[in-house]
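Peer 1: here is my input, please return the structure:
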Amino acid sequence: MHTNKPIELNGQPIAGGKFPLICTPLVGRTLEKIMAELAVVLPKKPDVLEWRVDFFEQIGDAASVIAAAVAIKNEAGEIPLLFTRRSIIEGGEKIALNEAQVIALYTAVCESKTIDLIDYEMANDAANIAQVRTAAKANGIKLVLSFHNFSYTPGLETLTSKFLTAEQLGADVAKVAVMPRDLDDVLTLLTATRAASKKLRVPLISMAMGPLGAITRMVGGVFGSSLSFAVGASSSAPGQVPIEDLNTVLSIFQKSMGAK
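Peer 2: Predicted coordinates:
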């Protein structure tokens, strides 16, 4: 019955094994704006922070990126930091770097050990994924391999296979996010989450985006999703729920379902 797999760092589950974790995005375009976001977000006590570096104006300067990561970590204390360059193809911001430069940035950031987890899209070339995986593993960084479809929701078998592919490619965490066109698509995403959670040896994250998908951010943990993204200051994807509201909903579910 219990197929929940918590995300771990250094052999210990994040936030004492809380399930699901709540992650809030940082999308400031400058370090000053990121620090302002943190001032709003940190009092709300997220379990994880995601820095969407594709929003960062100085993404082309590895030294500036690392300095910003250090500043974020210094401010955030023990809260783990997930480092993400979301590609424009999968819903991210347009950046001036080519993929080889992104890989170089990822490697430098991993080697700086200023982050705890790193997200890379499994649609990338296998050689690139291998490079990111090697850099992450060598430096004790957890690798999230992700798949996003902002247009529609693929079928159940396709979604389930995406989770499995992430694990086969060496992910520490498998992530799938899709856009539903109706409630049947929402059910498909939740069914795939449940099915994959029974098969995978690694934790998974799933969500349907947009207004229809908002419910998956609230109930995803029931079906096996180990983390939900919530708005602390600014949203990074459609359908994200304010962290206060998500905490309330999760607390109600946990009490109702007998969680201790």
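Peer 1: ok, residue 195 - how many residues close by?
Peer 2: 19 (other Cβ atoms under 10 Å). To be clear about C-beta, it is placed using only N, CA and C from the backbone, and glycine gets the same treatment.
Peer 1: my error: substitute residue 79 in the last question.
Peer 2: Quick note: residue 79 (other Cβ under 10 Å) scores 21 neighbours.
Peer 1: and for residue 255?
Peer 2: Counted with other Cβ under 10 Å, residue 255 comes out at 10.
Peer 1: and the helix or strand hosting it, what does it pack onto?
Peer 2: Residue 255 belongs to helix 243-256 when elements are defined using DSSP states H and E. Judged by 3 or more Cβ pairs under 8 Å, 6 or more residues apart in numbering; DSSP states H and E, helix 243-256 is in contact with strand 21-26, helix 210-223, strand 227-231.
Peer 1: measure residue 57 to residue 70 for me?
Peer 2: Distance check for residue 57 against residue 70: by Cβ to Cβ, to the nearest Å, it reads 17 Å.
Peer 1: residue 121 now?
Peer 2: In terms of Cβ to Cβ, residue 121 sits 25 Å off from residue 70.
Peer 1: now residue 160
Peer 2: For residue 160 relative to residue 70 (Cβ to Cβ), the value is 39 Å.
Peer 1: out of the two, which sits in the busier spot?
Peer 2: Taking neighbours as other Cβ under 10 Å, residue 160 and residue 70 compare with residue 160 leading, 22 against 13.
Peer 1: which stretches of the stretch 51-200 of the chain form strands?
Peer 2: Assigned by DSSP state E, counting those that start in this stretch, the stretch 51-200 of the chain shows strands spanning 81-84, 117-121, 142-149, 173-178.
Peer 1: deepest-packed of the ones you listed, please.
Peer 2: Greatest average neighbour count among the strands of the stretch 51-200 of the chain goes to strand 173-178 (a mean of 26), per mean count of other Cβ atoms under 10 Å.
Peer 1: ok and it relative to helix 210-223, angle-wise?
Peer 2: Put simply, strand 173-178 runs at 150 degrees to helix 210-223, going by axes from the mean of the first three to the mean of the last three Cα atoms, to 10 degrees.
Peer 1: which strands and helices lie in contact with strand 173-178?
Peer 2: Strand 173-178 packs on strand 142-149, helix 156-168, helix 183-199, strand 204-208, going by 3+ Cβ pairs under 8 Å, 6+ apart.
Peer 1: how distant is it from the center of its chain?
Peer 2: Centroid displacement of strand 173-178 relative to its chain, using Cα atoms, centre = their mean, to the nearest Å, is 8 Å.
Peer 1: just to revisit the earlier point, and the helices and strands packed on helix 243-256: which comes nearest residue 192?
Peer 2: Of all these, helix 210-223 sits nearest to residue 192, with 8.9 Å by Cβ to Cβ.
Peer 1: outside of the closest one itself, list whatever touches it.
Peer 2: By Cβ atoms under 8 Å, 6 or more residues apart in numbering, the surrounding residues in contact with helix 210-223 are 4, 19-20, 178-183, 185-186, 189-191, 193-194, 197, 206-208, 225, 228-230, 238-241, 246, 249-250, 253, 257.
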